[in-house]
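In: The sequence and its predicted three-dimensional model are supplied below.
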There are 2 protein chains.
Amino acid sequence: MFGFGKGKDEKKAEPAKAAPAPAAAPVAPGVATAVPVASAIPRGPMNGLMQDWKLTVDKVIDHAFQNHGQREIVTRTVEGPIVRSTYADLYYRSRQVSNALLADGVQKGDRIATLAWNTTRHIETWYGTMCIGAVLHTLNPRLFPEQIAWIINHAEDTHVFYDITFQPIIEAIKDKVPSVKHWVVLTDAAHKPQTTMNVRTYEEYIAGKSTDVVWGDFPEDTACGLCYTSGTTGDPKGVLYSHRSNVLHTLIGMQHDAIGIGAKDTVLPVVPMFHANAWGIAFSAPAVGSKLVLPGAKMDGESIYQLLNDEKVTFTAAVPTVWLMLLQHLEGANLKLPLLKRVVIGGSAVPERILRAFEENYDVEVVHAWGMTEMSPLGSLGAMTENVMAQDRETVVRYKLKQGRAPFGVEMKTINDEGTLLPRDGKTAGRLVVRGPAVAKGYFKNAGGNILDDQGFFDTGDVANLDEHGYMQITDRAKDVIKSGGEWISSIDIENFAVGHPAVANAAAIGLPHPKWDERPLLIIELKPGAAATGDEILNFLNGKIAKWWMPDDVAFVEKIPLGATGKINKLALRATFKDHKLPTIQAAE
Amino acid sequence: MFGFGKGKDEKKAEPAKAAPAPAAAPVAPGVATAVPVASAIPRGPMNGLMQDWKLTVDKVIDHAFQNHGQREIVTRTVEGPIVRSTYADLYYRSRQVSNALLADGVQKGDRIATLAWNTTRHIETWYGTMCIGAVLHTLNPRLFPEQIAWIINHAEDTHVFYDITFQPIIEAIKDKVPSVKHWVVLTDAAHKPQTTMNVRTYEEYIAGKSTDVVWGDFPEDTACGLCYTSGTTGDPKGVLYSHRSNVLHTLIGMQHDAIGIGAKDTVLPVVPMFHANAWGIAFSAPAVGSKLVLPGAKMDGESIYQLLNDEKVTFTAAVPTVWLMLLQHLEGANLKLPLLKRVVIGGSAVPERILRAFEENYDVEVVHAWGMTEMSPLGSLGAMTENVMAQDRETVVRYKLKQGRAPFGVEMKTINDEGTLLPRDGKTAGRLVVRGPAVAKGYFKNAGGNILDDQGFFDTGDVANLDEHGYMQITDRAKDVIKSGGEWISSIDIENFAVGHPAVANAAAIGLPHPKWDERPLLIIELKPGAAATGDEILNFLNGKIAKWWMPDDVAFVEKIPLGATGKINKLALRATFKDHKLPTIQAAE
């Protein structure tokens, strides 16, 4: 006998009924009628009596090994060929990594860095490090060598595991990072790069190592991973994940309306592990037994299409740039995506063209996601609610272009500058602050000091609104918002409408000081080659599209709007250029 | 600027690239070339720097309120009419319950009992109790009044909230439960049952109470819920859930391959809250923002169909009995289930006829589930893997008739009597033992003493096998298994084949002592009215269907096989009847 609600040796007094319980049940034969009064226990707070099962990430890979040992992992190697392995292979080789690290004298809390693409060797290093209580530190190879060296020094990494393609970066920094005692290149002897450095290949490193090792013998709050965010103001800062936060982030991300993958899925995380933990997929895929496809160094449209098609991928995730390249390739070669079901897009806002192309031309559901390194990184995901899906397609598209909804485990709210809670009306914008078990409470070595408010919320630095269905929409960065008469004007909204004018190539709105309103918007326009327009024509065009009091007080024309490194408008430069610009003395609408 | 992998005020050295990183990146203008060596920190274990976000169930209802406040809850009331409310209503009324309990002097750790069907008032009482650190104790109204009284006394409940239909039970026990100081009947003044007892109606109880209350100000290990399992051997035992175990169980259940519901779903938990927490749905539905449909006291086929159809239910869960009644109603009235997508069936093994009817006649996916009160209760769920789905329909059906796979967060293994780990080959049966954050480590007031082995595993009392795809299949109860020559024979398997014989109405296999083999099987047969068969004919029929050494040593015929209270074979009675039965001295096949 087995089943829910039944203990061992269970006996019920009468058959389960669907009808209401008996009005006056007869006394069962053999049931004692004397009702013993149990011994009393002291009154007061008490703990539950459930198992002390620590939330440590070795449980994830152990689960994959036990339940999905033969499920495939496919890697496009950095050396070139596609290689195939399994979760059982991953489990055993991770254990060899653990023993190799222990043989080097690695202790709990030591930082082990990787400079690597998404490959099975990278994931082996990941689990091999974390599961013995050392800290896996993903380095971003897109940074300058000097920045990488600064971060390694700050983290005091003892080991660096790196892909062969990064040998030049390693050569450039090797003499500047005294904490690093061990260099391991993620390849085999045949592909070892030429170098005079004392470098071991990964295959040499783990060869002959035992698979017998104790994993997870530490508290769940133990540090597990480290990832730096870099800022214009101040030095890069390290986010130090714990085992507990990673396991909870994995569970949060596994919800149907979040990443929501299952054992039937084949998952391609194009988003790199050094880019905020591949959005958790290096944990969630083994936790559910998805087939895992790893793209290595190649993220061009043709390479990604090849993996999607050959490996029958059903779920993938990356930044918009990757999808622009893929769509270009699909359109150029007239290809389809019959097997792909869902794509999560984050890293920056999803352009409408990408959303529509996936959903309307390729029948692939787009899930718009938002997050931060400080959030492990998932913050919100755009799975639809029933109320929204019931509306017309254009309304649905508008919801899909929002940044999504917080899954259970992420608390979000918007507040004004005084800290007052703002309504969830889909309109009122405020500072977006977040709280949760996978949100940072501080940075490594206390860089930046206390980063939480007195209720424990972390300020994302974004300005956003929340709506009645739970959707969050970023309207600006806090530093770019224009504060007029105590209210906030979204620079992004003005810009989005302005670029709709046929003569406008690019537009930027910045706040300039105003004696009465604190700030008022100046709209800066870059015209298309050969096009012409006046300030009044531009303002006329905006009329009716934005609130009256959002109307820019002036329009300035520039030959070229300066862009930052990532292609976004450099407002810092624009504010410097226009710092002495005098706004006309028009009166803002009240 | 916003997105993954980006901190506040983030700046990147160069545009994100899809191609491999630059072989030798130039030194960026303005980037300091001097690499500062950061101040060292002491070596050794360290904690992560993530927020201390306690896993308490107030977070669940708070999430529903914040993100899904207007999502509907529909209840078929015990009084009769269908009523509609929202998660916002649930949130505010739960807070009123909290204040009403506090006004009665309820303290953290006090036990508050419910004797109630699934209704919104029951869920309000549930959250109102748990969120202030008191313990919600669900009583099973299907027990005899004496058993209910015994359990109330053991739990020392101070309050009992009950449905109007249970007034007779309450009258029968009221003088036998001295700990109960407060009786609250879950209705309004107009529907108050006639009684001389000092009873308040629920609506009187919460009327005028403030919605202002502090929730969740206690450690996450705090006791949260209490549910008794009753056994033939010994007294009922209480499983004491913690806030942490309930939140983790909710997250575990929300995985795609487990309960896997989302905001687009409309969910009907037919399984009662007193039946192991409605399999977690009273937590998971608000946590994801599903529309919630509650059946009250009516679980007959017509009533359930009405809710499924009128409320556009997409997901439901109940024991097989409920589905037999529904299928009968559907077939009789020639109805369809066009909107229902998935049904979770647990509590006892899913009969093949139910599985095929749902999947083949109504296009509803069946998920076979298994669990125990001691497991909160989810243990395994039968979501398909890709490897299994790729096989032919009959193979898939065989996998679907297994008890499913453990989700991440449940550890399962099978061991023999010596504690040796058995292979996951889909054949070798052994004791099923489990471990996890939502598995009991002991019973309330230490009833039964230590229940874990030295590795922390809990013995489920079931005998099962596990296979390479992670599926678990119960083959017997440990106490019913027949131990022959050190190997185990599944009584259930023999019985299942025997009832396939055209003359057989029912069959039971029990082990009888054997001098050489320890035990050997005796097969006991109840013939169909008017049918005839010999023991040899029955054994002949089994030949080739089961292993030679499983062949019963003898066949006995009885007029009627005795059934227990839940309709299952009473093997205790059969063992008593046949205790002196002499097996023929045939030699078991070796």
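Out: All right, it came through fine.
In: going forward, measure contacts and count neighbours with C-alpha atoms only.
Out: OK.
In: Residue A:56 contacts residue A:216, doesn't it?
Out: Yes. Residue A:56 is within contact range of residue A:216, at 6.3 Å (criterion: C-alpha atoms under 8 Å).
In: For chain B, what's the nearest residue on the stretch 251-400 of chain A?
Out: Nearest residue of the stretch 251-400 of chain A to chain B, counting by C-alpha to the nearest C-alpha: residue A:347, 3.9 Å away.
In: Are stretch A:270-285 and chain B in contact anywhere?
Out: Yes. Stretch A:270-285 reaches chain B (C-alpha under 8 Å from any C-alpha of the partner chain) through A:275-276, A:279.
In: quick one: average confidence on that stretch?
Out: The pLDDT scores in stretch A:270-285 average 95.
In: With stretch A:306-324 instead?
Out: 96.
In: what's in contact with it?
Out: Stretch A:306-324 has contacts (C-alpha atoms under 8 Å, 6 or more residues apart in numbering or on different chains) with A:261, A:265-271, A:293, A:295, A:299-301, A:337, A:339-351, A:354, B:18.
In: List the buried residues in it.
Out: A:307-309, A:311-324 (16 or more other C-alpha atoms under 10 Å in any protein chain shown).
In: next SSE after the helix or strand harbouring residue A:317?
Out: Using DSSP states H and E, the element containing residue A:317 is strand A:315-318. The helix or strand immediately downstream of strand A:315-318 is helix A:320-333, counting by DSSP H and E.
In: Which SSE is immediately downstream of that next one?
Out: Next along the chain from helix A:320-333, counting by DSSP H and E, comes strand A:342-345.
In: So what are the sheet partners of that next one and their directions?
Out: Strand pairing for strand A:342-345, using DSSP bridges, gives strand A:315-318 (parallel), strand A:365-371 (parallel).
In: so after that strand, what's the next helix or strand?
Out: Following strand A:342-345 toward the C-terminus (DSSP H and E): helix A:352-356.
In: helices or strands up against that following helix?
Out: Using 3 or more C-alpha pairs under 8 Å, 6 or more residues apart in numbering or on different chains; DSSP states H and E, the elements in contact with helix A:352-356 are helix A:320-333.
In: What are the buried residues along stretch A:337-350?
Out: A:337, A:339-350.
In: Contacts only, for the closest residue to residue A:449 other than its chain neighbours.
Out: Among residues not flanking residue A:449 along the chain, residue A:442 sits closest, at 6.9 Å (C-alpha to C-alpha, 6 or more residues apart in numbering or on different chains). Counting by C-alpha under 8 Å, 6+ apart, residue A:442 touches A:239, A:448-452, B:49-50.
In: centroid residue for chain A?
Out: residue A:377 (3.4 Å; C-alpha atoms, centre = their mean).
In: Mind pulling up the pLDDT for it?
Out: 97.
In: same check, this time on residue A:137
Out: For residue A:137, pLDDT reads 98.
In: Okay, it and residue A:121: tell me how far apart.
Out: Remark: distance between residue A:137 and residue A:121 (C-alpha to C-alpha, to the nearest Å) = 15 Å.
In: ok, longest helix in chain A?
Out: Determined from DSSP state H, the single longest helix within chain A is helix A:87-103.
In: domain parsing for chain A?
Out: Domains of chain A are assigned by automatic domain parsing as A:54-257, A:481-589.
In: Span of the longest one from start to end?
Out: This points to domain A:54-257. With C-alpha to C-alpha, one end of domain A:54-257 sits 26 Å from the other.
In: same thing with stretch A:522-531?
Out: End residues of stretch A:522-531 are separated by 21 Å (C-alpha to C-alpha).
In: Residue A:525 is in contact with residue A:557, correct?
Out: Yes. With contact defined as C-alpha under 8 Å, residue A:557 reaches residue A:525; the gap is 4.8 Å.
In: So the closest residue to residue A:412 other than its chain neighbours, which state does it fall into?
Out: Setting aside the residues directly before and after it, residue A:412 is nearest to residue A:434 in space (C-alpha to C-alpha, 6+ apart), at 4.6 Å. Put simply, residue A:434 is strand when judged by DSSP: H, G, I helix; E, B strand; the rest coil.
In: how close does residue A:434 get to chain B?
Out: 11 Å (C-alpha to the nearest C-alpha, to the nearest Å).
In: if we can go back for a sec, between the residues of stretch A:270-285 next to chain B, which has the most around it?
Out: Using other C-alpha atoms under 10 Å in any protein chain shown as the neighbour criterion, residue A:279 leads the residues of stretch A:270-285 next to chain B with 32 neighbours.
In: residues touching it, list them.
Out: With C-alpha under 8 Å, 6+ apart, residue A:279 has these contacts: A:271, A:273, A:376-378, B:4.
In: which one among those residues gets closest to residue A:86?
Out: residue A:273 (18.9 Å; C-alpha to C-alpha).
In: Touching, that closest one and residue A:117? I think so.
Out: Yes. With contact defined as C-alpha under 8 Å, residue A:273 reaches residue A:117; the gap is 7.1 Å.
In: helix or strand right after the least confident helix or strand in chain A by mean pLDDT?
Out: Here the helix or strand of chain A ranked lowest by mean pLDDT, DSSP states H and E is strand A:487-489, holding a mean of 84. Downstream of strand A:487-489, the first helix or strand assigned by DSSP H and E is helix A:491-498.
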